[in-house]
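> Return atomic coordinates for the entry below.
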Amino acid sequence: IWAQWNDEVKQLFYSRYGDLPYLLDIKVDKHLFRALAQFWNPAYSCFTFGGGDLVSTVEEYMALIRCSKIQADKVYSRAVNVPNLLKKLVNITGMS
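Just a heads-up that it's a prediction; the model follows:
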């Protein structure tokens, strides 16, 4: 589809969604993808490792796709207790 669009349509897409099309060029490691899929929790749309859930924030998704624009007509929420979340992430990853 991307190759069929003219430059004007591509610019419109970039202005709205950032560098999202570049994600289509990323090569995916099938073995890693299968391993991660085992930890995916579809009920909560997050990864569950042991007793902790790992969820990307809106800001992290925006950084991944290089999109600095938050749409006003969408609902976003903040993490309720960031220190507890950070402790859980540290425990899950084994970092100190």
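> so where's the chain shaky on pLDDT?
Residue ranges of the chain with pLDDT under 70: 64-86, 89-90, 93-96.
> measure stretch 39-49 end to end?
Distance between the two ends of stretch 39-49: 6 Å, counting by Cα to Cα, to the nearest Å.
> Buried ones in it, by neighbour count?
47-48 (16 or more other Cβ atoms under 10 Å). All C-beta spots, glycine's among them, are computed from the backbone N, C-alpha and C.
> for stretch 50-58, same thing?
With the criterion 16+ other Cβ under 10 Å, stretch 50-58 contains buried residues Asp53.
> In which helix or strand does Met62 reside?
Per DSSP states H and E, Met62 falls inside helix 58-64.
> Going by contacts, tell me the helices and strands next to that helix.
For helix 58-64, there is no helix or strand it packs on, judged by 3 or more Cβ pairs under 8 Å, 6 or more residues apart in numbering; DSSP states H and E.
> Can we start the residue count at 190 from this point?
That works, and once the first residue is 190, the last one we named lands at helix 247-253.
> Which residue ranges of the protein form helices?
According to DSSP state H, the chain carries its helices in the segments 196-206, 219-226, 247-253, 271-282.
> any chance of these in JSON lines, plus distance to Gly240?
Converted to JSON lines, the helices of the chain look like this (distance: least, Cβ to Cβ, whole Å):
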{"stretch": "helix 196-206", "distance to Gly240": "35"}
{"stretch": "helix 219-226", "distance to Gly240": "18"}
{"stretch": "helix 247-253", "distance to Gly240": "22"}
{"stretch": "helix 271-282", "distance to Gly240": "9"}
